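Colleague: sequence first, predicted coordinates after that:
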Amino acid sequence: MNELLHLEKIFDRLKRGCHLGPDDEPEFSALSSQRFDEYAAYFAALGLTLVRHEREFFYFEPDNQEDVPITLPRIAVFSYIIIDHAANQGRPIEEFIFGQNFLITALPHFTLDRYTALLRQVDVHNVDDLRILLNRMEQIGWVKIKGLGEDEYRFLRPFHRVFSKCLEVAQSAQAAPPDASQRAAT
Amino acid sequence: MKINPQSFFNFCANHAPLLRALSERGGELSETEVMRLIHANPSAIEELPETARRRLRELQILVPTEPGSELLFMAEPLSRLLTYLFNEANPATPEIIRGYVMSLETTGKQLGRALDEEDVQRVKLAFDEISLTLRRIHADLNETQHAILAEVARYKTERARVSVREKYRLIVHWMERYVEPMIEIVRADGPMRAAFDETERLLYRAREEALFNDHPALVRNLRFLRLVSAHALRVFTQCRKEIQPLFESLRRSSFIAEGAARALEKLQAEGLSKWGNEYLIGVAAFRFQNVPSDMAIALALQRVIEHPPEPPPVLEFAAEKENPGALVRLMWLDSLPDLVRDDLPVEDLMGWLVKKYPERDTSDVLAGFSGLLFHNDFQAAFADEKPRAYNTTDGEIGASPLQLISA
């Protein structure tokens, strides 16, 4: 039994940017097994880095893309806004994000002028645009829409990649000299 | 001014909600605010608000912050009583506990001197003071634990719109102000333990030297010493255990919120073009370069399918009867350098060509002329003569004579 299980399906999903979490069976169980290193070695031979996130989900390490598709800034702005909103609610952010289902029509993204202006910068103008964005996020395994109520979605574990990015940004800001931003501004 | 206890407690009995509101409000109060609280918390008996306000002052429930001041605050003894009655707690600061420890140390020294001097009266006084201090430490520790646990519960249950970062700052304040410094004081090798050990030694000495005959009091103090010591460490260790997960959770949330806020702030300030990739979360995507699209492939196939059929070309495999003209011409051109080499130097190259090969047409003559002119073995130069006309089979060429010599 040396054959790596579900290899074709795993590769097919990961190569399209998908993240595999507990909602993605049987691929997730295959990668979570003790044979993870074998999968990683297999993909490494193809020049691909299989990442196992500390929160236990899997994805291919992205290239340093020079030509960034517009969906990436859109997803980033969408995600940062929902986090900003969660922080203002006073609840632990992860509990807020993962502890409930969201209604697309009740999202906070167009409740503040500031948020609306930020979204406008990435060409997201209305709820229909948010739906398109969420569909893309479903494709990469960050949210789940299908199978829930109408206009309903929930965040999936791989959304932790956004939290990791936020922590990285906060830490690098703290590591920077305190007056660096002031010097840069002057 | 003496206060009549009967009147005081009667008033308190009829104004419990008001007293609670005043206690919860805490701090300094203006007359306007006092009146607002009176209106919001009417008494159990019919009474004008002004009367209630006046009685609050007369019974010294509210006292001015300083003589003549219009600002008021709740009298400290009553505040403590209400805290006790409403089962609320105020945390003791590390400075308060440190003060108790210092008090124990001072009392211990007094006890030591009294023992040295065999002064029974002062031994008894020191004993009483030690008992009092220990009771206070015990009570304050309990109250602090109570306050911390209440605060933790409030954070967990309160859904008020206080931002995560604000909450984090508050919980850090609790950790840094109360829990951590307290643990420093009460830990096994901390100053409280040292003071307690010294006190215990002196109590034993008092018993051994039979200077203090109230053995039950002595035993009580010794027991209380051990109890308070163990209790203090347990209380604050428990507090830390209670507060630590909340602290960790809020710290993480606070950092996440900070990261998101910084990213949005940068986008807002500098626009998308300067936002850069720093704030993007990369996603793998295979990109194929120079690969025809499905549409292009389909179009190519369609063209092939729709192309009208043509008969395949027929190859003539039989030997040709005549020499191919192009090949003969090429061979003639290739042979020219060898042919002209024998006649070098040639004074008029064009003349040499038309004279030697009169059957050649203008195109062949010019091709031969060019081949020789640019050949590596020869050099050419104009002969400084007037242009001439050269006749070929199909026309006439006008040119100045060109001399050709070996290179």
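Modeller: Great, that's in hand.
Colleague: rest of the way, CA atoms for contacts and neighbours
Modeller: Fine.
Colleague: the residue positioned nearest the centre of chain A and A:Leu130: what is the separation?
Modeller: Taking C-alpha atoms, centre = their mean, the centroid of chain A lies closest to A:Phe159, which sits 4.0 Å from it. According to C-alpha to C-alpha, to the nearest Å, A:Phe159 and A:Leu130 sit 16 Å apart.
Colleague: which ones are touching B:Leu250?
Modeller: Contacts of B:Leu250 were listed using C-alpha atoms under 8 Å, 6 or more residues apart in numbering or on different chains, and they are A:Pro92, B:Val164, B:Arg165, B:Lys167, B:Tyr168.
Colleague: near residue 150, how many other residues are there?
Modeller: All of this is about chain A. Neighbours of A:Glu150 under the rule other C-alpha atoms under 10 Å in any protein chain shown: 10.
Colleague: wrong one, I was asking about chain B
Modeller: When neighbours are defined as other C-alpha under 10 Å, B:Ala150 has 14 of them.
Colleague: tell me the pLDDT at it?
Modeller: B:Ala150 is assigned a pLDDT of 77 by the prediction.
Colleague: and for A:Ala170?
Modeller: According to the prediction, A:Ala170 has pLDDT 90.
Colleague: list the helices and strands the host helix or strand of B:Asp338 packs on?
Modeller: Assigned by DSSP states H and E, B:Asp338 belongs to helix B:325-341. Other elements packing on helix B:325-341 under the criterion 3 or more C-alpha pairs under 8 Å, 6 or more residues apart in numbering or on different chains; DSSP states H and E are helix B:362-373.
Colleague: in the helix it packs on, what's buried?
Modeller: B:Thr362, B:Asp364, B:Val365, B:Gly368, B:Phe369, B:Leu372, B:Leu373 (16 or more other C-alpha atoms under 10 Å in any protein chain shown).
Colleague: burial measure for B:Glu46, as a count.
Modeller: Neighbour tally, B:Glu46, other C-alpha under 10 Å: 8.
Colleague: quick one: contacts for the closest residue to B:Met182 other than its chain neighbours?
Modeller: Excluding the flanking residues, the one nearest B:Met182 by C-alpha to C-alpha, 6 or more residues apart in numbering or on different chains is B:Pro94, at 5.5 Å. With contact taken as C-alpha under 8 Å, 6+ apart, B:Pro94 is in contact with B:Arg177, B:Tyr178, B:Pro181, B:Met182, B:Ile185.
Colleague: the fourth one contacts B:Arg234, correct?
Modeller: No: under the criterion of C-alpha atoms under 8 Å, B:Met182 is not in contact with B:Arg234, lying 11.3 Å apart.
Colleague: and those two? Which one has more around it.
Modeller: B:Met182 (25 against 15).
Colleague: rewinding a little: which residues are in contact with the helix holding B:Asp338?
Modeller: B:Val346, B:Asp364, B:Ala367, B:Gly368, B:Gly371, B:Leu372, B:His375, B:Ser406.
Colleague: and which of these is nearest B:Gln6?
Modeller: Relative to B:Gln6, the closest of the contacts of helix B:325-341 is B:His375; by C-alpha to C-alpha it sits at 135.9 Å.
Colleague: which pLDDT does the model give the residue lying closest to the closest one once chain neighbours are set aside?
Modeller: Nearest residue to B:His375, sequence neighbours excluded (C-alpha to C-alpha, 6+ apart): B:Pro337, at 7.9 Å. Model confidence at B:Pro337, given as pLDDT, is 92.
Colleague: ok, B:Pro337 - how many residues close by?
Modeller: Neighbours around B:Pro337, by other C-alpha under 10 Å: 18.
Colleague: show me what the longest helix along chain A is packed against.
Modeller: Scanning chain A for the longest helix, with DSSP state H as the assignment, gives helix A:71-89. Judged by 3+ C-alpha pairs under 8 Å, 6+ apart, helix A:71-89 is in contact with helix A:93-98, helix A:113-121, helix A:127-139, helix A:160-175, helix B:164-174, helix B:215-270.
Colleague: so how far is it off the chain centroid?
Modeller: 11 Å (C-alpha atoms, centre = their mean, to the nearest Å).
Colleague: can you check stretch A:45-57 too?
Modeller: 15 Å.
Colleague: give the buried residues for it.
Modeller: In stretch A:45-57, counting by 16+ other C-alpha under 10 Å, buried: A:Leu48, A:Thr49, A:Leu50, A:Val51, A:Arg52, A:Glu56, A:Phe57.
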